[in-house]
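**Q** Sequence and computational prediction follow.
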Amino acid sequence: MGTVGKLAGFHALVVASVLAIVALQLTLEFSNRYRATITRDLYENVVLFDRAAASRPPAQSLPSLARDFLASHGETGGDQLAIALPAFHTTLGSPGVATLMAVPKVRSLGASAPTKSTIVTVTVGGSPTLVLAVAIIDQGKPVGTFITTGSLHNFEAVQHRVVELTVAEGIITVIVAFVSVYLLLRRLLGTVRRLTRTAAGIGLEGDLGMRLDAPNSRDEVGEMAATFNAMIDKIESTMTSQKQMMANVSHQLRTPLTAARGQLEVMSSDDLADPAARKEIVATVIDELDHMRRMVERLLLLGRSIEGDLKDACPVDVRSLLLDVDHAAKAVAPRRWVVGDIPDVVIHADLDKLRSALFNLVDNAAKATTESDTIKLSAVLTTRNEITYIEFAVDDSGPGVPTTIRQTILDRFGRSAQSPPGGSGLGLAIVSAVARAHRGYVDISDSALGGCRAVIAVPVSDPSYPLASGPTRGS
């Protein structure tokens, strides 16, 4: 048996056990109540005889009273009555009482008055019968026994019927419980089985294209399948991105390495004796190595930005941050640097990553412009999908970015024909990664200055954020 069958069988066993206990309790309760009803009826006969005995005339004898009582109550609801009076050497009873008195237990009860009420179950004429024997007291002395009976034939028939119905209903309940749980577990564990096979296929075969057939339901099974598929989508996307990144890095590093190797081969040749030429080759090789160093540093920064965590997040004052970036930007290139409107807002962000992203935007603007151009830093509050963002904008009066490539340049090593030489193609990719890590966005559009407007937006801190948990940074 598989896991489904075992679990369903165990569930059926538990249900059967509970039903057996309930059926036993119901049968015992029914039996006790039925016997209690018969016993109550028997005691009513005793009460009637006691009343008759209490109201008899002084001159009337007990045998005479017994005859009169049996004449009027000889057959009460089919019960049999017997009045044994050993002191008068007589036993009186309803029709057929001889069969009753022939039973040894009943005969012994009639031979001597019992000291207390006695109830026994005997078989009379092949039928189970409940017998109640009570002593007859006359002038303070026991003189006989009053015996009344109640048939248990109907009780046993009804009891057997109740047991049969209970067993039949229990069997049906157990079967239904087993089948229903089996089907439910088969559906549930079927998804788990498919998940295991899919995971094994991915792990052993490396096939990231495998997915679970997620059921169209919003229960735990559907959520598990959907979550698993989403996880594989994320892994596939990451693996694809890593492969593409490795291919791009390999391509980008191959060029400076090839150039440096070629220059060194030229310098090592015996034909090159000119010191000036050797010096120029060394300068070229150093320039290529510096280009590789900058690219590696940016790749490391991109990797840290892609991690998507905000372990170093802290309260950041927007005004202090932009003024700090403006102060540092003036040392990057001689441009007409302008600071626009800046709202007094404190956000919750990773200061180092956000500052690096802003410096990348500033560096791109500086490379795309000349000394006579203007570069403007500003910030503005905006709302998207009921979320308030702070947009850090870098505007320039340069040539701008064509609409057709604005999305492409956000990718790794994405460059346009207008891109200045010497760039790594990673600047805007870093900006985009930082924005995603902060659950924000990047936007490239036309600037009011005539050039490009680059924006990185991050959500504004929740007003309930406990700023006291750390110092506000940004300057």
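**A** Alright, I've got the coordinates.
**Q** Most distant residue from the centre of the chain?
**A** The C-alpha centroid of the chain is most remote from Ala59, which lies 89.5 Å away (CA atoms, centre = their mean).
**Q** Quick check: it vs Leu65, distance?
**A** Here the criterion is CB to CB, to the nearest Å. By it, Ala59 lies 11 Å from Leu65. Placement of C-beta: from N, CA and C, glycine included.
**Q** so what's Glu26 up against?
**A** For residue 26 the amino acid is Leu, not Glu. Applying CB atoms under 8 Å, 6 or more residues apart in numbering to Leu26 gives the contacts Val162, Thr166.
**Q** Revised request: answer the last question for Ile83.
**A** Going by CB under 8 Å, 6+ apart, the list of residues near Ile83 reads Phe49, Ala66, Phe69, Leu70, Thr91, Leu92, Gly93, Ile136, Gly144, Thr145, Phe146, Ile147.
**Q** again, only this time at 7 Å
**A** Ala66, Leu70, Leu92, Gly93, Gly144, Phe146 (CB atoms under 7 Å, 6 or more residues apart in numbering).
**Q** hang on, the fifth one packs against Leu85?
**A** What that stands for is Gly144. Yes - Gly144 is within contact range of Leu85, at 4.0 Å (criterion: CB atoms under 7 Å).
**Q** out of those two, which sits in the busier spot?
**A** Gly144 (25 against 22; other CB atoms under 10 Å).
**Q** any shared contact partners between Ala59 and Leu65?
**A** Shared contacts of Ala59 and Leu65 (CB under 7 Å, 6+ apart): none.
**Q** Okay, helices next: where are they in this protein?
**A** 3-54, 62-73, 97-101, 104-111, 153-200, 220-268, 275-306, 318-329, 351-367, 427-437 (DSSP state H).
**Q** which one of the ones you listed lies closest to Gly400?
**A** Nearest to Gly400, of all the helices of the chain, is helix 351-367, at 11.0 Å by CB to CB.
**Q** Are there helices or strands packed against the closest one, and which ones?
**A** Contact partners of helix 351-367 among helices and strands, from 3 or more CB pairs under 7 Å, 6 or more residues apart in numbering; DSSP states H and E: strand 313-317, helix 318-329, strand 387-396, helix 427-437, strand 452-459.
**Q** least reliable of the ones you listed going by mean pLDDT?
**A** Within the helices and strands packed on helix 351-367, the stretch with the lowest mean pLDDT is helix 427-437, showing a mean of 79.
**Q** Report all helices and strands that that one contacts.
**A** With contacts defined as 3+ CB pairs under 7 Å, 6+ apart, the packing partners of helix 427-437 are helix 275-306, helix 351-367, strand 441-446, strand 452-459.
**Q** If we use 10 Å, what do you get?
**A** Using 3 or more CB pairs under 10 Å, 6 or more residues apart in numbering; DSSP states H and E, the elements in contact with helix 427-437 are helix 275-306, strand 346-350, helix 351-367, strand 387-396, strand 441-446, strand 452-459.
**Q** circling back to that earlier point, now the helices of the chain as CSV including distance to Ala448?
**A** Shown next, in CSV, are these (distance: least, CB to CB, whole Å):
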stretch, distance to Ala448
helix 3-54, 67
helix 62-73, 117
helix 97-101, 119
helix 104-111, 117
helix 153-200, 53
helix 220-268, 34
helix 275-306, 29
helix 318-329, 18
helix 351-367, 14
helix 427-437, 21
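**Q** and of those helices, who's closest to Val124?
**A** Proximity to Val124 (CB to CB) singles out helix 97-101 among the helices of the chain, at 5.5 Å.
**Q** give me the number of residues near the closest residue to Ser61 other than its chain neighbours?
**A** Nearest in space to Ser61, with sequence neighbours left out and distances taken as CB to CB, 6 or more residues apart in numbering, is Phe88 at 7.6 Å. Close neighbours of Phe88, defined as other CB under 10 Å, add up to 14.
**Q** go on, Lys376?
**A** Lys376: 21 surrounding residues under other CB under 10 Å.
**Q** ok, it to Leu65 distance?
**A** From Lys376 across to Leu65, the span is 127 Å (CB to CB).
**Q** got it, and Gln263?
**A** Note on Gln263: its distance to Leu65, by CB to CB, is 143 Å.
**Q** Over to Val162?
**A** Distance from Val162 to Leu65, counting by CB to CB: 42 Å.
**Q** Looking at those two, which is more packed in?
**A** Counted by other CB under 10 Å, Val162 and Leu65 do not tie: Leu65 has more neighbours, with 20 against 16.
**Q** Now do the same contact list for the nearest residue to the more buried one once chain neighbours are set aside.
**A** Excluding the flanking residues, the one nearest Leu65 by CB to CB, 6+ apart is Arg56, at 4.9 Å. For Arg56, the contact set (CB atoms under 10 Å, 6 or more residues apart in numbering) comprises Leu62, Ser64, Leu65, Asp68, Phe69.
**Q** hang on, the earlier thing: tell me, what's touching Gly144 and Leu85 both at once?
**A** Applying CB under 10 Å, 6+ apart, one finds that Gly144 and Leu85 are jointly contacted by Leu62, Pro63, Ala66, Thr91, Leu92, Gly110, Ala113, Ile136, Asp138.
**Q** looking at those residues, which has the most residues close by?
**A** Most neighbours among those, by other CB under 10 Å: Ala66, with 26 neighbours.
**Q** So that residue sits against Ser94, correct?
**A** No - using CB atoms under 10 Å, Ala66 makes no contact with Ser94, being 11.3 Å away.
**Q** shared neighbours of those two, anything?
**A** With CB under 10 Å, 6+ apart, Ala66 and Ser94 have common neighbours Leu81, Ala82, Ile83.
**Q** Report how many residues lie close to Ser356.
**A** If you count neighbours by other CB under 10 Å, Ser356 ends up with 19.
**Q** gap between it and Ile430?
**A** Taken as CB to CB, the span from Ser356 to Ile430 is 7 Å.
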